[in-house]
Every structure is written in C-alpha cells, then in structure tokens.
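Asker: After the sequence you'll find the predicted model.
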Amino acid sequence: MEREEAVTYGHRLFGNFKPLLTIKSEGFEYKGGRYQWSDIEKLKRYDSLFWSLVFYQAGTPLAYIFLRNGERIRIRGRVLEREAAKSNVAFVRGATSAYDELMELIQQKLNNAV
C-alpha cells in the first residue's frame with residue numbers, strides 16, 4: 001500500500017489541527033526531522049482488547065516508535081486524527097480509525113524491511 005501523496009496525522013485541540021507525523025512513501029517527518037522507514041528500531045503497542053479491559057481508564061491506546069538515534073515518538077490512539085478526515089473512535093478499545101490505519105502502515109513497513 002504505497003502512498004503517492006503525503007498524509008499527515010496529528011491531534012485536534014479546540015478545533016485546531018496540530019501535526020504530529022507526516023507519512024510519505026520513502027519515510028516520515030517528525031518535529032522537522034526526516035526519517036527513513038529503516039530508522040525505526042521497534043514499535044511497541046499498548047492497544048489490545050486485553051489492555052483496554054484491564055486498565056480501563058488508564059488503558060487508552062498508546063504506541064511508542066523507537067528510533068535508532070535514541071528518540072521515542074509517543075502516539076496516543078484516542079486522539080490521533082488524519083488531517084482533513086474525521087476519525088471514528090472504537091467503542092471498547094477507544095482507538096481512532098486514524099490510529100489503526102497508522103499502526104497498520106508502520107507495521108507493514110517494518111515487516112517489509114526485514
């Protein structure tokens with residue numbers, strides 16, 4: 001699933017969209033830096049149904065992207081949105097459709113890199 005155009009994910013606060021990640025086919029941009037998919041060391045997710053049921057309020061979906069340079073990107077699944085698109089929140093898990101889409105894309109890129 002290669003994307004020709006850039007897709008931006010971020011958070012909306014009081015109606016204003018604040019970009020977090022911009023995804024491109026060759027990599028992604030985060031806080032002004034450009035990274036290749038090979039720069040990701042690992043993806044750690046806390047978003048399973050078990051996680052949501054055991055840690056009900058504190059168990060909001062969360063993921064960390066660990067980069068090879070030592071940086072860590074935190075992605076909160078309940079508030080993540082795709083720019084210019086409305087996200088739907090899953091009832092039990094509490095993750096948005098944009099979060100699920102982004103996690104699937106990153107996991108696919110990591111699996112292809114191996």
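Answerer: Structure received.
Asker: so how far is residue 40 from the closest residue in space to residue 36 that isn't next to it in sequence?
Answerer: Spatially, and ignoring its direct neighbours in sequence, residue 36 is nearest to residue 27 (4.3 Å; CB to CB, 6 or more residues apart in numbering). Placement of C-beta: from N, CA and C, glycine included. Distance from residue 27 to residue 40, counting by CB to CB, to the nearest Å: 9 Å.
Asker: So what touches stretch 12-22?
Answerer: For stretch 12-22, contacts defined as CB atoms under 8 Å, 6 or more residues apart in numbering pick out 6-11, 28-30, 73, 75, 79-81, 83, 102.
Asker: and the residues you listed, which are buried?
Answerer: Burial by neighbour count, judged by 16 or more other CB atoms under 10 Å, picks out 7-10, 28-30, 73, 75, 79-81, 102 from these.
Asker: The helix ranked longest in the chain - contacts with which helices or strands?
Answerer: Scanning the chain for the helix with the most residues, using DSSP state H, yields helix 97-113. Applying 3 or more CB pairs under 8 Å, 6 or more residues apart in numbering; DSSP states H and E, one finds that helix 97-113 contacts strand 16-24, strand 40-46, strand 62-67, strand 80-82.
Asker: hey, which helix or strand in this structure has the poorest pLDDT?
Answerer: Least confident helix or strand, the chain: helix 49-54 with a mean of 58, by mean pLDDT, DSSP states H and E.
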